[in-house]
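In: What shape does this take:
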Amino acid sequence: MIVIYIYVHDVFLHMIYPMAQGLHQIGSDLFSWQVIYLLVLSPQLLQYVELPGYYLFIFMLAILICIQLHPPRKITISNSFVKMIIVYSAFILYSSVSLLWAPSVGHSSIILLDMTTICLLLIAAPGLLIESNAEFHKLMRIIIYASFLVGIVIIFGFISDNYRRPFQIVGAASHIGPGRIIGIGIPIAGFYVSYANRAYQRLSSLVVLLFLMLAIGISESRGPLVASITSLAFILFIYPLINCEDTNTVKYAASLIISLIISGYLLAINSLPTLDRVLQVFRGTADSSFQQRVEFYNIAGQMWMESPLIGHGLGSFHAEVGVYPHNFIFEIASGLGLIGLSLFTAILYIVVKQILSTDNSQISALLFGLLIYAIINASISHDLPGQRHLFFVLGLSTCLFVVSDSKN
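Out: Residues are numbered from 1 along each chain as shown. Have a look, this model is predicted:
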């Protein structure tokens, strides 16, 4: 009887109780305000909402944030956050002035409206609301839940007869939006595989990581796949190696990365859509979308050379070509010239400097990984207002929890 009691006690203590804790945590996370915030992380999730309703939703989300800031909560922000908001405001101001010489004021005005509403909201919300370790990790968990849910939808569509249906379910006309949502969960899950405190948390994070890797492998999202693998390798292997952390941790991370690469190659042989599209680039048989992007980059570069200092005005590339250049650097350079490019580079400099000065090396690794993920995605797809993950990471990297210097 004593042996049975000890066995039951151990099972409860090490398995049932942690699982119950985990389920309770998931429940509390799903009923928090951060869930609503996820809806703006992908521009395609709200694409079927008419413009008045779209901006009404943004306004209601801003009201919700103001409610969270209502006294007796003490509003405390970091110096880095203030600097970034000032530089971003200067960037918006110059974008507004560039409408004077922009070829299409109507389209440029819509871009400017998005940048002054939803992009500013994505930057400001983390800096204003995330003040503690618990709030930071809750938001990370919620992002993983969203990635996992979209991954389920994608895999369900892949094994069913109607492969395009999963994109319709998540409200996206193409694979880019769902791929980005899945992809951002991969570096976060990889972070918890390495740095979670408890064994069951590491194991569950590993299961989620492998699941998300499979989901993005069949989503046809080539850019998010490359971005997620690169950021995952940085978090698990490169950053610990640079910081001379525990040798066993580096060996473990390297083994995991190598295993994922080998597994991905083996799956690519079986023609998983995303992996096959990536390999086409190296084989020299890339599809038309890749070739079009290279052409867009050349056109944007030529436009920048024609007006290197002030650019042709916000949204000028779209007015000239009919599409955006699929690269935030070329889009800024061709539209806003060296002035706009310098202002946005200053924002990135403030963020990188802040991450480097963060006392918590683990959080620094995660933020660098997320920044790498966002920049790679922003370099190969979407227009500037559509770079939701980039603006989100900019705000997240300067929130009070991350920084050591702060003032009221």
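In: give the contact list for the nearest residue to Leu336 once chain neighbours are set aside.
Out: Distances taken as C-beta to C-beta, 6 or more residues apart in numbering place Gly311 nearest to Leu336, at 4.4 Å, with adjacent residues excluded. (C-beta placed from N, C-alpha, C; glycine too.) Applying C-beta atoms under 8 Å, 6 or more residues apart in numbering, one finds that Gly311 lies in contact with Ser98, Met303, Trp304, Ile332, Ala333, Ser334, Gly335, Leu336, Gly337, Ile339, Gly340.
In: One more pass at 10 Å, please.
Out: 94-95, 98, 101-102, 303-304, 317, 331-341 (C-beta atoms under 10 Å, 6 or more residues apart in numbering).
In: list the helices and strands the strand or helix carrying Ala146 packs on?
Out: Element membership of Ala146 [criterion: DSSP states H and E] is helix 133-159. For helix 133-159, the packing partners by 3 or more C-beta pairs under 10 Å, 6 or more residues apart in numbering; DSSP states H and E come out as helix 17-30, helix 34-37, helix 118-129, helix 165-169, helix 176-195, helix 199-217, helix 361-378, helix 388-396.
In: what is the orientation angle of that helix with helix 199-217?
Out: Orientation of helix 133-159 against helix 199-217 (axes from the mean of the first three to the mean of the last three C-alpha atoms, to 10 degrees) gives an angle of 40 degrees.
In: which parts of helix 133-159 are buried?
Out: For helix 133-159, a neighbour-count test (16 or more other C-beta atoms under 10 Å) marks 135-148, 150-151, 153-155, 157-158 as buried.
In: picking up where we left off before, need the winner for burial among the helices and strands packed on helix 133-159.
Out: Highest mean neighbour count among those (mean count of other C-beta atoms under 10 Å): helix 176-195, with a mean of 27.
In: could you say what helices and strands it packs with?
Out: Packed against helix 176-195 by the contact rule (3+ C-beta pairs under 10 Å, 6+ apart) you find helix 133-159, helix 165-169, helix 199-217, helix 222-233, helix 239-242, helix 247-269, helix 361-378, helix 388-396.
In: got these as a markdown table, with mean pLDDT and distance to Ile186 columns?
Out: Below are the helices and strands packed on helix 176-195 laid out as a markdown table (pLDDT from 0 to 100; distance: least, C-beta to C-beta, whole Å):
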| stretch | mean pLDDT | distance to Ile186 |
| --- | --- | --- |
| helix 133-159 | 84 | 7 |
| helix 165-169 | 48 | 18 |
| helix 199-217 | 85 | 5 |
| helix 222-233 | 87 | 4 |
| helix 239-242 | 74 | 15 |
| helix 247-269 | 59 | 10 |
| helix 361-378 | 91 | 8 |
| helix 388-396 | 89 | 12 |
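In: Any chance of the ones you listed in TSV with distance to Asp114 as columns?
Out: TSV is the format used below for those (distance: least, C-beta to C-beta, whole Å):
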stretch	distance to Asp114
helix 133-159	21
helix 165-169	22
helix 199-217	26
helix 222-233	21
helix 239-242	33
helix 247-269	35
helix 361-378	15
helix 388-396	10
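In: and Gly179, which of these is closest to it?
Out: Nearest to Gly179, of all the helices and strands packed on helix 176-195, is helix 222-233, at 4.0 Å by C-beta to C-beta.
In: The closest one - contacts with which helices or strands?
Out: Using 3+ C-beta pairs under 10 Å, 6+ apart: helix 222-233 touches helix 176-195, helix 199-217, helix 247-269, helix 273-283, helix 288-306, helix 361-378.
In: All set, thanks.
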